[in-house]
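**Q** no sequence for this one, just the structure:
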DNA sequence: TTGTATGCGTTATCAG
DNA sequence: CTGATAACGCATACAA
């Protein structure tokens, strides 16, 4: 295959200047009827395809977004957000670069630098690892959006109120009659990075669990709280952690009648432990998850706190465009959007049986 | 934030020409000791970041790959391939554009055109929808790699021998003593596009099922074959199809002792149907899947034919680089790589109990 | 060892 | 209505 045709080639073939070709290409400016016809057929004949690289250089705008992801395979959450982001970017004529940072601040920095050099029109962090990298991108003059964790309070973000979601989950269990409720979740200590950052997802979900119990006047029992290394480890033993957590809970003399797992992946492992023990969910024990990723595919289908993942991605894209320099440079105040979660009640929760 | 510094800015600050700055930047050509120092500090002072857009235009090479995916959220398979591809691309200094085509030939064409205009150095189809689009990309002079389905036999591809994998699955069941084996899979008719294309994934898995049975001298029983609309529908009811298929099989007067589902998503649904029926896997019925996506997280953990998804993505990237014009334009013959699958035996298969 | 000049393919400005 | 031209930022060939 030959080198792609350029404007100049088309212009020569049509016997006009490149300026005229651009005019018919973008349909702006006056072009004579007959000239237009000649150009159009030359365009067709050469199979001309605009060189977006050259266009980007000239317009100082690449129509690209950079998406830094923890790891797209790690949790379907990331893939859903990525899809929502891409769909919305496409609406604005933008394409998106994917960069998996694997939970490493170093790789995240590399990703940001890559995007700066590529002059992406925006950078989305799903989710940020190191607040310094968010700042690095912002200092380069690139609109930035943080997803899921407000690492820097002075920049845009699309968040979910995990506390509200977790409280709804707990109240669902209370309403069914559960009092003795176990917890399986990630270690919040792993996510504390900066003084002014908001609490991490893990912190929010754990503290909501504790608050809910307290609000019901139920005494805290630390034996019921299984804090597990999770999520940001690289060996992908996430579900195994859910399994181990549930095993611990099942061996308690007085085992819980329900378990709140802070993510569907952990819940999936928990379900396996129940299965292995020869027990049934929800007959013997109820399980509730968070995120709504694997939930609907598990046995039994998992009751979970559903996150609007696709929408999160879409809103992130919207924020980028709202903060792009040219038109709306008035938007200097950060936008922080909080989206609601929704309790998806399925087959893994039921009233406790008296033992 | 100000406009990013250019070579010219750095040069001015250091009191040298832009050529010299390039030399220290890329560390090629002779530069005086003292000059280098001045340039280096000017680089630092300005916070210079190379403009890859300009570089791409000049070098006629963008160091980008375009990745057309069915839908990243549809099956973890796609996300794993995408990750492998990205990792390997990164090794070669390339970034990757993601484009979800949602199983639409029209969207796939749009994606190809987008990548042509962006002058990506390669295009990967995971998996191709319309062979014509593969050809479209190739005709533009862009190295092309097909993943999972050889839509055009005259272009590169990374494949898996689904027949071998499916036969291994069946033989595993035979070895356990199963004779009456059900099948839940996609409709192969949906994937026939061109005369010279190889059989689709769905076709391969179904025909291997039939051949295996025949080889064992077991009479075919069409009541055991559940062909389901699946995968390329857009309503994401994939797991529900597995559920429905298993329900049909369970209501047979003489139900199968084992079921071969051609993908973990269908298997997940099948597991739910068994659970709902108050039966247990593998005690009452064995289930085997394909892909190894959800498998390890299901209850019980699913025995499945594991695909080397990450490696598939890596190999796809390798093929792109092998076929990039500049150095290795000798590589005009298409490379067609076939990777082996591996049977992952877990807890969902066991010997049948005599009923 | 360093500088000058040209061109990659567009778009936009300014004449005509 | 149309054409010439400059500039976006970089890399390279050629001079010096």
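**A** Arrived safely. This structure is a prediction, so every number in the text was calculated from the model and none was measured.

**Q** rest of the way, CA atoms for contacts and neighbours
**A** OK.

**Q** can you show me the strands along chain A?
**A** Along chain A, the stretches classed as strands by DSSP state E are A:64-69, A:95-100, A:122-126, A:144-147, A:156-160, A:181-186, A:225-228, A:258-261, A:286-291, A:303-306, A:336-339, A:342-344.

**Q** now do the contacts for the nearest residue to residue A:349 once chain neighbours are set aside.
**A** Distance criterion C-alpha to C-alpha, 6 or more residues apart in numbering or on different chains; nearest residue to residue A:349, sequence neighbours excluded, is residue A:286 at 4.5 Å. Counting by C-alpha atoms under 8 Å, 6 or more residues apart in numbering or on different chains, residue A:286 touches A:257, A:258, A:259, A:348, A:349, A:350, A:351, A:352.

**Q** now do residue A:349
**A** Remark: with contacts taken as C-alpha under 8 Å, 6+ apart, residue A:349 is in contact with A:173, A:258, A:281, A:282, A:285, A:286, A:287, A:288, A:302, A:303.

**Q** ok, the last one touching residue A:297?
**A** This means residue A:303. No. Distance between residue A:303 and residue A:297: 11.1 Å, which falls outside the contact criterion (C-alpha atoms under 8 Å).

**Q** where does pLDDT dip in chain A?
**A** Confidence mapping of chain A against pLDDT under 70 gives the ranges A:1-2, A:190-196, A:230-237, A:326-331, A:354-355.

**Q** mind doing that once more with 50?
**A** When the per-residue scores of chain A are filtered using pLDDT under 50, the ranges that remain are A:233, A:327.

**Q** pull up the residues of it that are close to DNA strand D.
**A** Among all residues of chain A, those adjacent to DNA strand D (criterion: C-alpha under 7 Å from any atom of the strand) are A:15-20, A:29-36, A:54, A:57-60.

**Q** for PyMOL, write the selection for the buried entries among those residues.
**A** A single PyMOL command selects the buried members of the residues of chain A next to DNA strand D (16 or more other C-alpha atoms under 10 Å in any protein chain shown):
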select buried, chain A and resi 16+18+20+36+54+57
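
**Q** among the residues of chain A next to DNA strand D, which are in reach of chain B?
**A** Restricting those to those touching chain B (C-alpha under 8 Å from any C-alpha of the partner chain) yields A:54, A:57.

**Q** how far away is the residue positioned nearest the centre of chain A from residue A:317?
**A** Using C-alpha atoms, centre = their mean, the residue of chain A that lies closest to the mean C-alpha position is residue A:81, 4.1 Å off. The gap separating residue A:81 from residue A:317 is 10 Å, by C-alpha to C-alpha, to the nearest Å.

**Q** now do residue A:53
**A** In this structure, residue A:53 and residue A:317 are separated by 22 Å, where distance is defined by C-alpha to C-alpha.

**Q** of these two, who's got more company?
**A** For residue A:53 versus residue A:317, neighbours defined as other C-alpha atoms under 10 Å in any protein chain shown are more numerous around residue A:317 (28 against 25).

**Q** quick one: that one and residue A:83 touch, right?
**A** No. Applying C-alpha under 8 Å as the test, residue A:317 and residue A:83 come out as separate, 10.8 Å apart.

**Q** picking that back up, if I look at the residue nearest to residue A:349, how far off is residue A:322?
**A** Taking C-alpha to C-alpha, one finds residue A:286 at 44 Å from residue A:322.

**Q** span of stretch A:29-36 from start to end?
**A** Using C-alpha to C-alpha, the two ends of stretch A:29-36 sit 11 Å apart.

**Q** over to stretch A:141-151?
**A** The separation between the terminal residues of stretch A:141-151, taken as C-alpha to C-alpha, is 18 Å.

**Q** stretch A:97-115 too?
**A** From start residue to end residue, stretch A:97-115 stretches across 8 Å - C-alpha to C-alpha.

**Q** residue contacts, the closest residue in space to residue A:129 that isn't next to it in sequence?
**A** With C-alpha to C-alpha, 6+ apart as the measure, residue A:105 is the residue that lies nearest to residue A:129, at 5.6 Å, once sequence neighbours are left out. With contacts defined as C-alpha under 8 Å, 6+ apart, the neighbours of residue A:105 are A:129, A:130, A:133.

**Q** domains for chain A, by residue range?
**A** Residue ranges for the domains of chain A, per automatic domain parsing: A:7-50, A:58-160+A:309-339, A:162-308.

**Q** a markdown table for these, including distance to residue B:156?
**A** As requested, the domains of chain A are arranged in a markdown table below (distance: least, C-alpha to C-alpha, whole Å):
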| stretch | distance to residue B:156 |
| --- | --- |
| domain A:7-50 | 24 |
| domain A:58-160+A:309-339 | 23 |
| domain A:162-308 | 32 |
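
**Q** which one of those lies nearest to residue B:152?
**A** Ranking the domains of chain A by proximity to residue B:152 (C-alpha to C-alpha) places domain A:7-50 first, at 22.2 Å.

**Q** flag every buried residue along stretch A:305-324.
**A** Neighbour-count burial for stretch A:305-324, counted by 16+ other C-alpha under 10 Å, picks out A:305-324.

**Q** show me which residues of the stretch 151-300 of chain A sit near chain B.
**A** Taking C-alpha under 8 Å from any C-alpha as the criterion, the stretch 151-300 of chain A approaches chain B at residues A:239, A:265, A:268, A:269, A:271, A:272, A:275, A:276, A:297, A:298, A:299, A:300.

**Q** for those, which entry has the maximal number of neighbours?
**A** Using other C-alpha under 10 Å as the neighbour criterion, residue A:271 leads these with 32 neighbours.

**Q** give me the neighbour count for the closest residue to residue A:335 other than its chain neighbours.
**A** Closest residue to residue A:335 apart from its sequence neighbours, by C-alpha to C-alpha, 6+ apart: residue A:156 at 4.7 Å. A count of nearby residues for residue A:156, using other C-alpha under 10 Å, gives 24.

**Q** state the distance from residue A:156 to residue A:186.
**A** Look at residue A:156 and residue A:186: by C-alpha to C-alpha, they are 25 Å apart.

**Q** about what we covered before: report the buried members of the contacts of residue A:349.
**A** For the contacts of residue A:349, burial is judged from neighbour counts taken by 16+ other C-alpha under 10 Å, and it is met by A:173, A:258, A:281, A:282, A:285, A:286, A:287, A:288, A:302, A:303.

**Q** between those, which is closest to residue B:218?
**A** Nearest to residue B:218 among these is residue A:281, at 37.7 Å by C-alpha to C-alpha.

**Q** now the closest one: closest residue in space that isn't a chain neighbour?
**A** Nearest residue to residue A:281 in three dimensions, chain neighbours excluded: residue A:348, at 5.7 Å (C-alpha to C-alpha, 6+ apart).

**Q** so what's the one you found up against?
**A** The contact partners of residue A:348, taken as C-alpha under 8 Å, 6+ apart, are A:281, A:282, A:286, A:287, A:288, A:300, A:301, A:302, A:303.
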